[in-house]
Each structure stands twice: as C-alpha cells, then as structure tokens.
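Colleague: Quick one, fold the following:
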Amino acid sequence: MHYLKYLGVMACLLFFTGCFEVLEQIQLDKKGKGTYTVGMDLSSMLEDPMMKQLLLEGVKKDGPQLLDKAGKLEMDSVMYFKNDEGFVKPEGHDKVWETAKVEMLMSESKSKMTMNLTFDFDNVGDIKHFYSELQNKGGQAAGLANMGMLPIGNFSFKKKLLTRLPTPKGEPLFDPEDQNIQMMRMMFTGATYTTQYNFPGKVKSVSMPGAVVDKKTVKVTVPILDMLDQKAELAGEIKFKNR
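Modeller: Take a look at the predicted model:
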C-alpha cells in the first residue's frame, strides 16, 4: 500500500470524530541529532458503537484493504518509505528518507487505532524538509499537513538551545460560513495537539506559552481548533543541559 494512501485513509478517518489526540515528539541528543515522531490515537472511535459503524462504512468505501477476510478491521503494519515502489527519494537528507516509516494499528479486537510517522534526523531542519516534500506530493496527505493535523515544524538548534520558529500565517483555511465546516468544527471540539520535547539533560528555561516542564521533558498542548484557526502559539525557545 502506497505510503500516501496510509496518510490519506487517516485523513478520511479524522472527519468521523473529534475524539482523537495528535502527539508530536522530538527526541534530541546533545549534538542536535535525534528522532521525530508524530502520532494519532483514534481508539475512542472503536468504543462508541455509532462512531464505530460510521468508521467501518468509511473504511469499506475509502480503504477496504484495511479489512480482513471476515470484514473485520484488523491491521498491524509498518511501511518504510524507501521500500515503496512509488516513492522517489528526494535529494539530500539521506537519514530522513532511509528511516522514515509509517506504523498503523487498527484492531477491533484490541479496541486500538493508532498511526505513527517516524524518522531519524541529523539536523532539526530536516523536519521542515520532510513536510515540505510531503506537501509537494499533493493529495490527501498534503491536505492533512495543510490543515494542521500534521505539523510543519520549523526548528533550529544551537548548542544547548532548541528553537521552534513561528509558522507563517496565510489566508483562512476554511470559509466560516460553510455549514459542513461548522459541523466539522463541532466534531473537533475537545481534540488536542501535544508536542513533547525530550532532551539529554535537565531543562533550564522555556519561552513557549503553556509549556509544562518535567526534568528533561517539555510538553505543550493546544486545541486542534486553534491549529485550524492558526491561533496556536507553538513557537519559542528551550534551553537545556547536556546531562
């Protein structure tokens, strides 16, 4: 299954419910190298009979390959971008494209539905490069990124200092008078987007609004609706010790 279809199917699923969480994680070492992961947890959909039925109807229409022979939603898959026959590796940033993978678990029996996108990087600037390439592919995956469900993080790193740069604000993403958009907004009420930063040493200071610090970890959580409205304040600096 083409990696963009993985993301496209997830994009379709998001429109069935607001009961989900997006967790973005950055694991950083003292040299600025690390691992980036963004994941979505939609397990609550399988606990609500009505939402589960809507989900299964959507999967049958847009992603029938996710069903087993008995018509049950049972899929546990890992796919590396580099192994996708339809993938053309971009120039440069080799570590990103060698390690980039999508992990998807959809299980009625376990009441679990999660997706994680992960890659290693040599420089935090590789994160922006990855999402720029994803957007260039177009289609549903690019739409997912444009909507803020997948972040376009722009980071810089200097010794013991990680900076998340502001994301330029463009035109409003949606027509506020559109009834379908209003319904979607109601469904997304309560959905959250959390970024978790993990460092090799204790955090010294943070300038990000609403940040919660726990020794070597920083968490910032905002409503998904703030992401859609381009009101989320994610930019700022984190100073940390190397050990």
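
Colleague: Tell me where this structure has helices.
Modeller: Applying DSSP state H to the chain gives helices spanning 3-14, 49-62, 94-99, 125-137, 139-146, 179-188, 224-228.

Colleague: where among the ones you listed is the average confidence lowest?
Modeller: In terms of mean pLDDT, the lowest-scoring of these is helix 139-146 (a mean of 50).

Colleague: Lowest-scoring secondary structure element of this structure by mean pLDDT?
Modeller: Every helix and strand of the chain was ranked by mean pLDDT, DSSP states H and E. The lowest is helix 139-146, at a mean of 50.

Colleague: quick one: V96 from G153, how far?
Modeller: From V96 over to G153 the distance is 13 Å, taken as Cβ to Cβ, to the nearest Å. No exception for glycine: its C-beta is placed from N, CA and C like everyone else's.

Colleague: Check the average confidence over stretch 65-83, would you?
Modeller: Average pLDDT, stretch 65-83: 81.

Colleague: residues near D122, how many?
Modeller: Neighbours of D122 under the rule other Cβ atoms under 10 Å: 14.

Colleague: now do P49
Modeller: The tally of other residues near P49 (other Cβ under 10 Å) stands at 8.

Colleague: Please apply the same query to T195.
Modeller: Using other Cβ under 10 Å, T195 is surrounded by 22 other residues.

Colleague: ok, it touching Y36?
Modeller: No: the pair T195 / Y36 is not scored as a contact, 10.7 Å apart, by Cβ atoms under 8 Å.

Colleague: who touches both of the two?
Modeller: 24-26 (Cβ atoms under 8 Å, 6 or more residues apart in numbering).

Colleague: quick one: which of those is nearest V220?
Modeller: Ranked by distance to V220 (Cβ to Cβ), those are led by E24 at 9.3 Å.

Colleague: Return the residues in contact with that closest one.
Modeller: The contact partners of E24, by Cβ under 8 Å, 6+ apart, come to 36-38, 151, 153, 193-196.

Colleague: Same question for P166.
Modeller: Neighbour list for P166: 154, 235 [criterion: Cβ under 8 Å, 6+ apart].

Colleague: Longest strand in the protein, please.
Modeller: Ranked by residue count, the top strand of the chain under DSSP state E comes out as strand 112-121.

Colleague: Direction included, what does it pair up with?
Modeller: Neighbouring strands of strand 112-121 in its sheet, by DSSP bridges, are strand 34-41 (antiparallel), strand 101-107 (antiparallel).

Colleague: any chance of these in CSV, with mean pLDDT and mean neighbour count too?
Modeller: CSV is the format used below for those (pLDDT from 0 to 100; neighbours: other Cβ atoms under 10 Å):
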stretch, mean pLDDT, mean neighbour count
strand 34-41, 90, 19
strand 101-107, 86, 19
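
Colleague: All set now, cheers.
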